[in-house]
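Visitor: Quick check, what structure comes out for this input:
(2 chains)
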Amino acid sequence: MVTRRRVVAGSIGGLLLSSLSAPLTFGAAEPDQESLAQLPGKRPLIKRTFRPPNYETPLADLRSQMTDNDAFFVRYHLASIPEIDPRTWRLRIGGASANRTLELSLADLKRDFKRVHLAAINQCSGNRRGLFTPRAAGVQWTYGAMGNALWGGVRLRDVLNRVGVKGDALEVVLEGADAALLAATPDFAKSLPVDRALDADTLIAFEMNGEPLPHWNGAPVRLVVPGWTATYWVKHLTSINVEPKAFDGFWMKSAYRIPTGAFPGARFKSQENAQTTPITEILINSLVTSHSNGARLERGRAAELFGWAWDGGTGISTVEVSSDEGRSWRPAKLGEAPSSYSWRGFRMPLDTAKPGSLQIAVRATGRNGARQPDKLTPNPSGYHHNMIQTLTLEVA
Amino acid sequence: MSAQLRCAAALVLALCASPVGAGEESIQLQDAPGRELVVARCSVCHSVDYVQMNAPVLDRAGWQKSVRKMIDQFGAPIGEDDANQIIEYLATHY
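Guide: Now for the predicted structure:
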C-alpha cells in the first residue's frame, strides 16, 4: 500500500480571490490522503475500504473514452462476494406478476436473445460524497466512483417478455449473489419501476468493453440501467421477479433515498413518500481529467484543458469554461459521444502567457437545458454532487 | 538517480511487493481502551478503515447514530454495554 498526499498548492490564493465577488468557491475542502491498493485482477486503485471492497478509479485512469476494465471502480455493501462459475450460474425469472417462471444459463442468454451493445456511464450515487459541504457519512469518494464502458448483453425486456409480464406488474425486483456475513443484515436487492425494466436500453450484461465482466464488476452477469445511478446495476445477478406491489427491502425503503422534490430526474412513484424518494437518474455533470487542482503549468508553453461531460441520457449540448471565476464563459470544443448515455469529451486551450493563478471553472449544459449548479443541494446521504468544478492552476 | 526517480522507483516496488488482497491487517486504530472491542465487534462485518474514513465526518452524535444503525438495521449482535464502550472509544479518538 502506498500513501500519497494530494496536491493542494494554490487553493489558499483561490479562496481569497473568490471571497471578493465571484459566485464560485475555489479551494474547497478535499480529503488530504489517498491510499492505493490492489485487488486481484485490478491495477492499483484508490482504496477507500478493504472489506467490503470499495476502490475508486484515480483521475489518471479516467482519461480514455472507455474506462479500462482493470481500472474500473469497485463498490460493495456486503462482504460475502462469491466467485461464480459461469458454467453453473443460473438466472431465475418469475414473480407474482409473471405468467411463468424461467431458468436461464449463460449459454441460454447468449444463444436465445438478441445481442445488444451500449456505451454508458456507470456512476455511484455517492460519487464525490467526500467533497460535500457539510460532510456526509459514508464512503468518502472523490471523483472516481464512476467510469464509462461499452456494455454487451441482452435486453431485460426480451427476457421479461419470455416469462410474460401481467397487467398488474408494478416493479421488477433484482437480486445478486453477493451477501452479508450475518443473516440479520439486509441482503442487497433493488427494484425498478416496470416501465424502466421494460425500457429497450435496460440490459442484462455479460460483457464490458468486449471482455467478460470482471469479477469485481459483477461477473458473470449484471444489470445495466443506462442513465440511472449504479445502485440499480445489480451485480452477480441471480434472480428477477416481476411483482404487483412496491418492494420493501432495506436498500429501497431506507437507503439510496433523497428528499422528495429536491432534485430533477425520473420519479419512482411506487417508492415515493412525502419526505423521501429513491435516487434515480444521473444528473448533468462534468470532470476535468487533464489537470487536478493545484497543478503547475509552464509559462508560455501550450497547454490544454480536457475532460468529460455527461448526464442521464439526454446528451450534452455545450460545455463552457471560465477562467475568471465564473464571470464570463467560453464554449469548449466538444468531441463525439458514442451514445447519449456515454460521456462526451471537451477541450479548451489554456492561456499560459502570464505567470500567476488561473481560476478555472467548467459547466455543462444538456440538450434538455439542464445546467450544472454553482451550489450543492444538501441531502443527508451526500448524493448527486454535480456542482460546477473549480480548479486553481499555477502558471510559472 | 534523482530524488524524484528514487521516489518513483520506491513507489513501484512497494506496489509490486504488496501481496494482492493484503492490507486489512495493516490498519492501526488508536491505541486506547476500547480498541480491542471495536476491532472484535466491527471487524465481523467490515474492515475498520471505515472508522478512519468517517473520522472527519462524524462527531459523538454521528458515531452514536452509526453504531445504532449497525445494531438496529444491520443486525450486529452487540449488547448495550459494548455499544456504549464502542461509541465512547470512537467519539473520543476519532
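Visitor: got the contact list for the closest residue to chain B within the stretch 101-250 of chain A?
Guide: Taking C-beta to the nearest C-beta, chain B has its nearest neighbour within the stretch 101-250 of chain A at A:Ala184, 2.4 Å off. To be clear about C-beta, it is placed using only N, CA and C from the backbone, and glycine gets the same treatment. Applying C-beta atoms under 8 Å, 6 or more residues apart in numbering or on different chains, we find A:Ala184 in contact with B:74-77.
Visitor: Looking at stretch A:282-298 now, give me its mean pLDDT.
Guide: Averaging pLDDT along stretch A:282-298 yields 97.
Visitor: And stretch A:305-318, by the same measure?
Guide: Stretch A:305-318 comes out at a mean pLDDT of 98.
Visitor: quick one on the thing from earlier: from A:Val395, how far out is the residue of the stretch 101-250 of chain A closest to chain B?
Guide: 57 Å (C-beta to C-beta, to the nearest Å).
Visitor: What ranges does chain B have for its strands?
Guide: Secondary structure of chain B (DSSP state E): no strands located.
Visitor: What ranges in it fall below the confidence cut-off?
Guide: B:1-22 (pLDDT under 70).
Visitor: Okay, helices next: where are they in it?
Guide: Applying DSSP state H to chain B gives helices spanning B:3-17, B:35-42, B:49-54, B:60-72, B:80-93.
Visitor: which one of the ones you listed is the most hemmed in?
Guide: With neighbours defined as mean count of other C-beta atoms under 10 Å in any protein chain shown, these peak in mean count at helix B:49-54, which reaches a mean of 21.
Visitor: next one: that one to chain centre, how far?
Guide: Put simply, helix B:49-54 sits 5 Å off its chain's centre (C-alpha atoms, centre = their mean, to the nearest Å).
Visitor: Extract the CA atoms of it and return them as PDB.
Guide: Output in PDB follows, covering the C-alpha atoms of helix B:49-54 (Å, rounded to 0.1, in the frame of the first residue of the first chain):
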ATOM      1  CA  ASP B  49     -10.800   1.600   7.900                       C
ATOM      2  CA  TYR B  50     -14.500   2.600   7.800                       C
ATOM      3  CA  VAL B  51     -13.700   4.200  11.200                       C
ATOM      4  CA  GLN B  52     -10.700   6.100   9.900                       C
ATOM      5  CA  MET B  53     -12.600   7.100   6.700                       C
ATOM      6  CA  ASN B  54     -15.500   8.600   8.600                       C
END
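Visitor: so what secondary structure elements neighbour that helix?
Guide: Helix B:49-54 sits against strand A:45-49, helix B:35-42, with contacts defined as 3 or more C-beta pairs under 8 Å, 6 or more residues apart in numbering or on different chains; DSSP states H and E.
Visitor: who in the stretch 251-396 of chain A is up against chain B?
Guide: Within the stretch 251-396 of chain A, the residues that sit near chain B (C-beta under 8 Å from any C-beta of the partner chain) are A:Ser254.
Visitor: can you do 10 Å?
Guide: A:254-255, A:382 (C-beta under 10 Å from any C-beta of the partner chain).
Visitor: Who wins on neighbours among these?
Guide: Per-residue neighbour counts (other C-beta atoms under 10 Å in any protein chain shown) across those peak at A:Gly382, which has 26 neighbours.
Visitor: For the residue of chain B found nearest chain A, give its distance to A:Arg257.
Guide: Going by C-beta to the nearest C-beta, chain A is nearest to B:Gly75 of chain B, at 2.4 Å. Taking C-beta to C-beta as the criterion, B:Gly75 is separated from A:Arg257 by 20 Å.
Visitor: Tell me which helix or strand A:Val159 sits in.
Guide: helix A:156-163 (DSSP states H and E).
Visitor: tell me the contacts of the residue in the stretch 251-396 of chain A that chain B sits nearest to?
Guide: Closest contact between the stretch 251-396 of chain A and chain B, by C-beta to the nearest C-beta, is at A:Ser254 (6.8 Å). Residues near A:Ser254 by C-beta atoms under 10 Å, 6 or more residues apart in numbering or on different chains: A:186, A:248, A:276, B:69, B:73.
Visitor: Filter these down to the buried ones.
Guide: With burial judged by 16 or more other C-beta atoms under 10 Å in any protein chain shown, the buried subset of the contacts of A:Ser254 is A:186, A:276.
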